[in-house]
Structures are given as structure tokens and as C-alpha cells.
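Participant: what follows is a predicted structure for the sequence shown.
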Amino acid sequence: MARRVTPPAVLAACWRLLRSMRTALVLLLLLALGALVGSLVPQRINSPARVGQIFRESPRLAAALDNFQLFDVYGSTWFATIYVALLVSLVACLLPRTRALFRNLRARPQQARELDGFRHHAERAVPADPVAAIDRAERVLRRRRFRVSRTEGTALAADKGLGREAGSLLFHWSFLLILVGAVLGKGTGFTGFAVIVEGSCWTEAHVNYDGNIREGRYFGEDHTGVQVCARDFEDTYRESGIPMDFVTHAELIGSDGRFVERTDIRVNHPAEEDGVRFHQWGFGYAPVVEVRMDGEPIFSGAVEFQQDAPPEGVSPLQLPWHGVVELPSVRPQVGLELELWPDLNAYLQGWRTGEFPPATEADAPFLFYTAWRGNLHADLPRTPGGLDTADLRKWKRSIVGEGLTVDVATGDPASPGAPGLTISFPELRQYTVLQVSRDRGVWLMLVAAILVLAGLLPALYGSRRKVWVRAEPDGSGALLEVGGFALQQRARFEEEFVELVEELARAPEGERGKVGAL
């Protein structure tokens, strides 16, 4: 007759399966494979543009990947199921082992019936009565850090090495904490980038990241409102022109408007306020540009310029930086493509010889500008820092140096109040790029990592050993019978057992025993 399958029986079978360490290892492997897929397939939260490109170029493939939630692996149902099952499996495995460890810590070592059946067994005659011999054996074992139980007058049971099991459990519990810390930190935190020009302030709020932010799945938009004011930015270069150090001299202002501190933010030396950390990430140039129409200002401010990654061994001062200014109020509309050269001498020598000399600081910077006229399509989205020239025609190209004003139409020097369209370059500033992040699980993961190491050492180098000693009358002395075995590192215990037997057989006046290792 077939056994009837009932829901309680199914639940019991599933629970037994989850309590298996083999199941936990399989789930860990599946989790690693899921993370591998998440790193190979573009994710919506990190690369929405690449995901959109796949949908445009391969709609069928994109639809198949989307059906399996591969564009959002870490937020998918199947990944969350594996993760939760792994946590439950680890807890189900560790709880019984932890209870067993506490029972063993409270329990006394048990006596054995026959000692000659153990792998390690020895007998020695000692010149002392059985009680005195057992007393000396107890002192020797305790010096070697054995737990000793003396249930009979002339018999001992001892063991040590529970630190191995405790270390193994500590390692696995710490690994569980790492998994919880990863969910807590990444799931409820965020990482973004703040671009701050010298002399200006930036507030930690979602709208101020300009799209350069990644928020965790369970982040509740609880931004702090902390302000960072960049008083000054300082970069230093080696004689070869390679950047050596860059630091943001900043002030931190709390969400309540109170001044917190002045701090220097540099690489590997972040600032922190209200749980948010500010790391130095990058920097660039932000020349102040003023544009006037018949003497009336129509644009004024620092423009954040971008630069392609310079080749290895080339200073950012040796290559141009690019920016854009759009003037939709002018008729016809005008767009200015700007090219900044921070060092005039580097530009002139590079123009003559094709090789740019090293530069350690900006010197006589100037701007090339190319003016375009037509329809800017200012109402359409576009790539930051780029100018859509599809409906524009090139108008003028000329140059303006720092502290000068020129007429856009002619390129001739002009005064700020001159009629026509003029462009001025009052000063050159720099901007800093800070990585802003909050991770509530970082301290939990740090503690867990320390505990992992603390548990790994005894788990790898410790071993469980048990020893029994009996003494029986033998003429004018006693006959010591010693038995023992080791659950791990048996070859090492063989040497330890020989030393222990010889020490137990010594005369009382020569007893000095060595302390054993865990």
C-alpha cells in the first residue's frame, strides 16, 4: 500500500532538505551563478542605455531575457528566492550544531568501558599508589588544558578541542552575517556622484545627482540634506606632469544648517556626516564664461568641461577640455562649442613640434570657441556636454584668453558693454567630483569579516581529542592504563599521546609537564 502524501509530510521533507549542509552549498553555488549572470548581462538599474540598445537591436533576445528577469537579476523573484532559501538553510544547519556545542560545553567527559580498544593505548607502572597516581594524572591533564572528569576514585576522563567546533560555528554564523549585511547595506543604501565647482555648495538630495545615482532596491528616498561646500580644490603634479595628489578643501554643513567641520577630502581619506561618506573621485576645469547681447548678460556661470581619458604618461594639462554653452534666447539661436587649453606654452609647443611638454599647473589658459546658428532643439533630451548640430550651421571660430572679452562675430577684442554678441572668459576655476555613498551594513560586514578570521584559525588548526586514564594496584605501585583518540589531525595526536603517557609515568618530583596546544 502506497504511503499517503500529506502536507505535513511534504513540509517535513523540505525542512530535512534545507537542514542539509549539502543543500546550503548548492544554494550558494546557484547564488554565485546568478551574480555572474548579473555581472555579464546589463542591468536596468546600472545601464539603462545598454538595456534599451539591446531592445532596439535584438527585440526577441531582449524579450526572452526580460521574461527571465535577467535585466534585473538582483531584484528578480528567483534570485530573492535563492537568497532567502540560503539564509534559511544556513540557520537550519547552524542552530542544531550550536545547541549541541552548548550541551557539550555543559556536559562532563564520559568514562569509557574498555581502553585497550582505542587506537592509542598504553600501560605504565608507576611507583605510587593508585589514588596518588590518578591525582598526578589529573594535574598533568589540567595543565595541558584538558577538561577532566573524575567520576570514580581511580579513573579519569578528559577531552579538549571544542574550540575547533566553536570556531567552525563562528565562521558559519559570521558568513550568515555577511549575507545579511550585504542585503542591508546595498538594498537600503545608494551610491552617486556630486560635481561641485570651487566656491559653491552642493546638497545631498536626489534631484542634485543629475541622474548619476544608483539606489538600492529597498531605499526609501531618505536623503540626508547634508551640504558640502568646496572652498578650494588643489591638485599637484610631478615634474613629468602626471597628477600626484588632488584634494578638496571643503566645509560640511548638517541637514539642520549647522556648521559641522572643515575637512580635506582626498583619495582614500573620505569625509563622513550623518552616515554619508564623501570620497574624492575626480576633478576637472570649469572656466567662468559670460555672454552678453548688446551689453545685457544672457549667460553667466562656470561651465563644467569634460576631457577624454588622456593616454598613459600624459597630464590633463597637456590636452584640451570641451564644453558647451547654448543661447536659445538669441535669434537665430546660437550654440557655442568651447575648447579649453589650460596651458598656453604646452599648446604652442605642441602645435609647432607635435609633442606637448610636461605641465604642473595651469598657465595663461585660453578658449577656442566655435559658434553655430540655427535650431538648438533645446526642448529635446540630449547627451550632457554635447551640442546637436544637425539643424545648425557653423558661423564663427575664434579664441578668447583669460580675463578678455571678444566679439563673437568678428573675434576682435571688445568691451563688456559693446553692441552685438560678446563672450568673456573672466577666470578659470576647477570642479571636484565626489563619490557619495551610504551603506548601513558596512560595520556589520566589518565585524563579520573579523569574526570569520577569528573562527577560521581554531577551525583549521584545532582538533578534538579524548583521553582516559585508569590506575590499578600493582605490587608496591600502580599500573596506569591510558587510552585516547583524536577526531582530527590524528598523526599529530600520535606524538602528543606518546609525550602525555611519558609525562604521566614520571616520578612526582620530576613532574613539570608541558602545556599542550589547542
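Facilitator: Yep, that arrived. If you're wondering where the values come from, they're calculated on a predicted model, not measured in any experiment. Residues are numbered from 1 along each chain as shown.
Participant: what segments of this protein are helices?
Facilitator: 7-18, 21-40, 48-57, 59-67, 77-106, 130-143, 162-188, 344-353, 442-461, 490-504 (DSSP state H).
Participant: and Ile242, which of those is closest to it?
Facilitator: helix 344-353 (14.0 Å; Cβ to Cβ). Any C-beta I mention is one placed from the backbone N, CA and C, and that applies to glycine too.
Participant: that closest one - what's its average pLDDT?
Facilitator: In this model, helix 344-353 has an average pLDDT of 72.
Participant: where does pLDDT dip in the stretch 201-350 of the chain?
Facilitator: 240-241, 311-314, 350 (pLDDT under 70).
Participant: quick one on the thing from earlier: lowest-confidence stretch among the helices of the chain?
Facilitator: Minimum mean pLDDT among the helices of the chain: helix 344-353, a mean of 72.
Participant: what separates Pro342 from Val41, distance-wise?
Facilitator: From Pro342 across to Val41, the span is 41 Å (Cβ to Cβ, to the nearest Å).
Participant: now do the same contact list for the nearest residue to Glu138 once chain neighbours are set aside.
Facilitator: In space, and not counting its chain neighbours, Glu138 is closest to Val148: 5.5 Å by Cβ to Cβ, 6 or more residues apart in numbering. Taking Cβ atoms under 8 Å, 6 or more residues apart in numbering, we find Val148 in contact with Pro109, Glu138, Leu141, Arg142, Leu156, Ala157, Ala158.
Participant: narrow the residues you listed to those that are buried.
Facilitator: Among those, those buried by neighbour count (16 or more other Cβ atoms under 10 Å) are Pro109, Glu138, Leu141, Leu156, Ala157, Ala158.
Participant: need the max-distance pair from these.
Facilitator: Spatial extent of the buried ones among the contacts of Val148 (Cβ to Cβ) is set by the pair Pro109 and Glu138 at 11.9 Å.
Participant: in contact with Thr191, which residues?
Facilitator: Counting by Cβ under 8 Å, 6+ apart, Thr191 makes contact with Ile213, Arg214, Gln435, Val436, Ser437.
Participant: beta partners of the nearest residue to the second one once chain neighbours are set aside?
Facilitator: In this case it means Arg214. Leaving aside its sequence neighbours, Arg214 sits nearest to Thr191 (Cβ to Cβ, 6+ apart; 5.2 Å). Here Thr191 sits in beta bridges with Arg214, Ser437, as judged by DSSP bridges.
Participant: likewise Glu251?
Facilitator: Beta-bridge partners of Glu251, as defined by DSSP bridges: Cys229, Arg262.
Participant: pretty sure it is in contact with Arg231, am I right?
Facilitator: Yes - contact status for Glu251 versus Arg231: in contact at 6.2 Å, counting by Cβ atoms under 8 Å.
Participant: looking at the two, which is more packed in?
Facilitator: Taking neighbours as other Cβ atoms under 10 Å, Glu251 and Arg231 compare with Glu251 leading, 16 against 13.
Participant: list the buried residues of the single longest strand found in the chain.
Facilitator: Secondary structure of the chain read by DSSP state E shows that its longest strand is strand 276-293. Neighbour counts over strand 276-293 (16+ other Cβ under 10 Å) mark 276-281, 283-293 as buried.
Participant: ignoring the adjacent residues along the chain, who's closest to Ser398?
Facilitator: Gly411 (3.1 Å).
Participant: try Arg142
Facilitator: Val148 (5.7 Å).
Participant: what bridges to that neighbour?
Facilitator: Beta-bridge partners, per DSSP bridges, of Val148: Ala158.
Participant: show me what contacts Gly335?
Facilitator: By Cβ under 8 Å, 6+ apart, the neighbours of Gly335 are Val324, Val325, Glu326, Leu327, Ala371, Trp372, Arg373, Leu376, Leu387, Thr389, Leu392.
Participant: these, buried ones only, as a PyMOL selection?
Facilitator: Entered in PyMOL, the line below selects the buried ones among these, by 16+ other Cβ under 10 Å:
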select buried, resi 324+325+326+327+371+372+373+376+387+392
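Participant: in strands only, show me the contacts of Gly335.
Facilitator: Going by DSSP E, the strands hold Val324, Val325, Glu326, Leu327, Ala371, Trp372, Arg373, Leu392 from these.
Participant: what sits up against stretch 163-179?
Facilitator: With Cβ under 8 Å, 6+ apart, stretch 163-179 has contacts from 83, 86-87, 90-91, 93-94, 97-98, 101, 104, 444-445, 447-449, 451-452, 454-460, 462-464, 488, 518.
Participant: may I have stretch 185-199 exported as CSV, CA atoms only?
Facilitator: The C-alpha coordinates for stretch 185-199 follow below in CSV (Å, rounded to 0.1, in the frame of the first residue of the first chain):
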residue,chain,number,x,y,z
GLY,A,185,23.8,47.8,3.0
LYS,A,186,23.2,47.5,-0.7
GLY,A,187,19.5,47.1,-0.5
THR,A,188,18.8,50.2,1.6
GLY,A,189,21.8,52.4,0.5
PHE,A,190,22.8,54.4,-2.5
THR,A,191,25.9,55.5,-4.5
GLY,A,192,26.0,58.7,-6.5
PHE,A,193,28.4,61.3,-7.8
ALA,A,194,28.4,65.0,-6.9
VAL,A,195,30.1,67.6,-9.2
ILE,A,196,31.0,70.8,-7.2
VAL,A,197,32.7,73.9,-8.6
GLU,A,198,35.1,75.8,-6.4
GLY,A,199,33.3,78.3,-4.3
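Participant: so which bits of it are buried?
Facilitator: For stretch 185-199, by 16+ other Cβ under 10 Å, it's 185-198.
Participant: which two in those residues are spaced the farthest apart?
Facilitator: Gly187 and Glu198 (35.8 Å).
Participant: quick one: distance of stretch 294-307 to the chain centre.
Facilitator: Centroid separation for stretch 294-307 versus its chain: 39 Å, with Cα atoms, centre = their mean, to the nearest Å.
Participant: same thing with stretch 168-182?
Facilitator: Per Cα atoms, centre = their mean, the centroid offset for stretch 168-182 relative to its chain is 16 Å.
Participant: residues in contact with the nearest residue to Lys396 once chain neighbours are set aside?
Facilitator: Using Cβ to Cβ, 6+ apart and skipping residues adjacent in sequence, the residue nearest Lys396 is Ala371, 4.5 Å away. Contact analysis of Ala371 by Cβ under 8 Å, 6+ apart lists Val334, Gly335, Leu336, Lys394, Trp395, Lys396, Arg397, Val408.
Participant: contacts for stretch 491-502?
Facilitator: 120, 122, 124, 140, 144, 463, 465, 467, 482, 484-486, 514, 516.
Participant: and it, which residues are buried?
Facilitator: Phe493, Glu496, Phe497, Leu500, Val501.
Participant: quickly list what Leu367 is bridged to.
Facilitator: What pairs with Leu367, by the bridge criterion (DSSP bridges), is Leu340, Val400.
Participant: quick check: it touching Val400?
Facilitator: Yes - between Leu367 and Val400 there is a contact at 5.1 Å, judged by Cβ under 8 Å.
Participant: can you list residues touching both of those two?
Facilitator: With Cβ under 8 Å, 6+ apart as the test, Leu367 and Val400 both reach Phe425.
Participant: could you measure from the residue nearest to Arg214 over to Gly216?
Facilitator: 9 Å.
Participant: which non-adjacent residue is nearest the residue nearest to the spatial centre of the chain?
Facilitator: The geometric centre of the chain, computed from its C-alpha atoms, lies nearest to Val442 (Cα atoms, centre = their mean), at 8.0 Å. Nearest residue to Val442 in three dimensions, chain neighbours excluded: Gly185, at 5.8 Å (Cβ to Cβ, 6+ apart).
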